[in-house]
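**Q** here's a sequence, model it:
(2 chains)
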Amino acid sequence: MPEKINLFQNKKHVNALIQAIKGLVPRPVKLMEVCGTHTMAIFRHGIRSLLPAEIDLVSGPGCPVCVTSQEDLDKMIKLASVKGVVIATFGDLLRVPGSNGSLAQARAQGANVEIVYSPTDALNLAQKMPQKQVVFLGIGFETTTPTVAATIMQAKALDIENFSVYSCHKLMPPALDALFQDDKLGIDGLLCPGHVSSIIGERAYEPLCQKYRMPCVIAGFEPVDILLGIYHLLLQIRESHPRVFNAYQRAVTHEGNTNALFMINQVFHKKDEPWRGLGTIEKSGLAIKDTFNHFDAEKRFPLDILSNPEPKGCLCGEIIRARATPPQCPLFAGKCTPATPIGPCMVSSEGTCSAYYRYGRDENR
Amino acid sequence: MKTDKILLDHGSGGLATKNLIEDVFMKRLSNPFLSPMEDSAVLDLPPGKLAFTTDSFVIDPIFFPGGDIGSLAVHGTVNDLSMQGARPVFLSLGLILEEGLEIKKLEKIAQSVADAAKEAGVTIATADTKVVEKGQADKIFINTSGIGIIENKFDRIGIDRARPGDAIIVSGYIGDHGASILLARSGLPFEAEIQSDSAPLNTLVEDMLRAVPSGALRLLRDPTRGGVATVLNEIAQASDVDLKIEEDQIPIRKEVQGVCELLGLDPLYLANEGKCIVVVDKDHADDLLNVMKQHGLGRDAAIIGHVEKKRAQQPKVVLQTTIGGLRIVPILTGEPLPRIC
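**A** Okay, here's the model as predicted:
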């Protein structure tokens, strides 16, 4: 591991931060992180076991696969069975169950589904198989979208006819706004997602912070980053002075990545978007602009689909809104496991249920 | 007819089969047991208890950095015998070939089998080849069975024998095989090439058995599919104990760590093909570690944790993280990486 990273896992720094945090806890507090990578890092490093019991860490809608609506999932799975179509997708989506089976099951029945590690891989795939139609499943927040936008621009420049994107891209600030409108949320502070913030910048959180008087701290993903983020949230809570604080300055600026934002705006426009657990949120999703029509899989392969309601008993929607924790779900670790997932939160490696199942079933306080 | 590819005719049992066996296999593998080409080999075995195991190999790709399906098929079975404290003696070799496989590749694999068997000191006593139509198998599948001898003077070693206080040792860097195959398959442009650790552990195990009094070495296990995490869970379950390991002490190459971070994987779950997990009486742990470190394959061995009394109803494996946090290490669930061995 690079030396620089080791610095952020240094036990001495960690211990100092834990002591500082212990000195700051005024009362039980509930802090929310809205990034799947934060969720996993907190579990993987055993951070909960080090924190005082008064600090309750909950996960918000930070896992892109988990917040994808049943209808979008069904359409993507259906696309896989369209003749001549090759689906290119990140591996996380493969086993997410739709109303009628998953992509993995579609593949077992003969559908062409390829795992890729980037949208560029998908474009390369399209160039390698000109007789097929390669459809990339575009899932993700502001972190992923710029590379997809760049790929679509490249496909247009290279005049690649057999490539398109099914866009389920979502925007984080509108979802947070919708979440904070819930009176029962009871969140004392927000650990803002480091990766998303590197694109949208500190300023993206300022309206939310003012509107809801919500302490916001942008944090990185190493143990020291996360603890530093928690420390700054507690500081704001104690001072009753909510503001946006950037504890991840080595990656995040006030303005964000303006080039990336420019590219997103070139290719996508905002649309009302359905979120699992949160319902349809105004202007929270991204659709491909008309100038790039040819690369919009939804327009090229119109599908009429009747989706079943979300699985009975599954609390993914509640868990995404931090209204329930995975062990409260009747299906958790019984009917629903990573091997036999019922809801998306159990499938995605960044899903809260998956994290609880893998690391957190026994609280090691 | 001269051909550079495997044809269905090579599996007919007729002349083409005979030629293939002679040109590809006998040239490299001949020995007094195999060469008569009888229907079965007749073996003289030294005294002791008999260990008997079988394993099939379907790895994709068939050639990978650090080995190929041939060497892996020998190492896998040799190691399975060694993990019972047995000295591997004889192996069988069953091959299923896909029509169209290049004979040059088959020759290379046969040579790997011969070299690996020689290195491990085992004899291929019986063998068989079949050919299936194109598309009915993927290039080549291999099955090896093995016979080993457990000397009567050694107490039984077994997965149910871990006791609170015992030390847990791993024989070297973990996850190399899994990471190597993963990289070879992903097509990710990665600067560092990671070599599979595929290797025969029998001589290391022989040294280990002699290093400590019989009985002090509780159990041996090779963490192949499912990795170190899965083996530790199996030990906890079978011995009805908790295991506590320390992240700081686990040898992981930085390249493997890097691949894992990039692909969102945990090295504790990656397969190994030349490593063993040892549980040993803590009073003999240092002696054993020293002996292991003197063997090429145990050079990087480390004590990674110890066995504890079970705290809850369910036995479990707990990891103390680098920063001092605690978390559960569960058994592998969800998507396993297919065809890694």
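**Q** tally of neighbours for the residue in chain B that chain A sits nearest to?
**A** Chain B approaches chain A most closely through residue B:325 (2.4 Å), counting by CB to the nearest CB. C-beta: built from backbone N, CA, C; applies to glycine. Residue B:325 has 23 neighbours, counted by other CB atoms under 10 Å in any protein chain shown.
**Q** could you report the pLDDT at the nearest residue to it once chain neighbours are set aside?
**A** Once flanking residues are discounted, residue B:325 sits nearest to residue A:46: 2.4 Å by CB to CB, 6 or more residues apart in numbering or on different chains. On pLDDT, residue A:46 comes in at 92.
**Q** do you know the pLDDT at residue A:365?
**A** Value for residue A:365, per-residue pLDDT: 35.
**Q** same question, residue B:337
**A** pLDDT, residue B:337: 57.
**Q** the longest helix in chain B is where?
**A** When chain B is parsed with DSSP state H, its longest helix is helix B:103-120.
**Q** buried residues in it?
**A** Of all the residues in helix B:103-120, those buried under the rule 16 or more other CB atoms under 10 Å in any protein chain shown are B:103, B:105-106, B:109-114, B:116-117, B:119-120.
**Q** turn the residues you listed into CSV, columns for pLDDT.
**A** Formatted as CSV, these follow (pLDDT from 0 to 100):
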residue, pLDDT
B:103, 96
B:105, 97
B:106, 97
B:109, 98
B:110, 98
B:111, 98
B:112, 98
B:113, 98
B:114, 98
B:116, 98
B:117, 98
B:119, 97
B:120, 97
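**Q** export those residues as a markdown table, with columns for distance to residue B:265.
**A** Formatted as a markdown table, those follow (distance: CB to CB, whole Å):
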| residue | distance to residue B:265 |
| --- | --- |
| B:103 | 37 |
| B:105 | 29 |
| B:106 | 33 |
| B:109 | 28 |
| B:110 | 33 |
| B:111 | 33 |
| B:112 | 28 |
| B:113 | 30 |
| B:114 | 34 |
| B:116 | 28 |
| B:117 | 33 |
| B:119 | 30 |
| B:120 | 30 |
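**Q** using the three-state scheme, assign residue B:193.
**A** Following DSSP: H, G, I helix; E, B strand; the rest coil, residue B:193 is assigned to coil.
**Q** to what extent is it buried, counted in neighbours?
**A** Neighbours around residue B:193, by other CB under 10 Å: 11.
**Q** state the phi and psi torsions of it.
**A** Main-chain torsions, residue B:193, degrees, to the nearest 10: phi -90, psi 130.
**Q** got a list of what the residue of chain B closest to chain A touches?
**A** By CB atoms under 8 Å, 6 or more residues apart in numbering or on different chains, residue B:325 lies in contact with A:45-50, A:223.
**Q** adding secondary structure and distance to residue B:288, write the residues you listed out as CSV.
**A** Shown next, in CSV, are the contacts of residue B:325 (DSSP: H, G, I helix; E, B strand; the rest coil; distance: CB to CB, whole Å):
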residue, secondary structure, distance to residue B:288
A:45, coil, 31
A:46, coil, 29
A:47, coil, 35
A:48, helix, 36
A:49, helix, 31
A:50, helix, 33
A:223, helix, 33
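**Q** and those residues, which is closest to chain B?
**A** When the contacts of residue B:325 are compared for distance to chain B (CB to the nearest CB), residue A:46 wins out at 2.4 Å.
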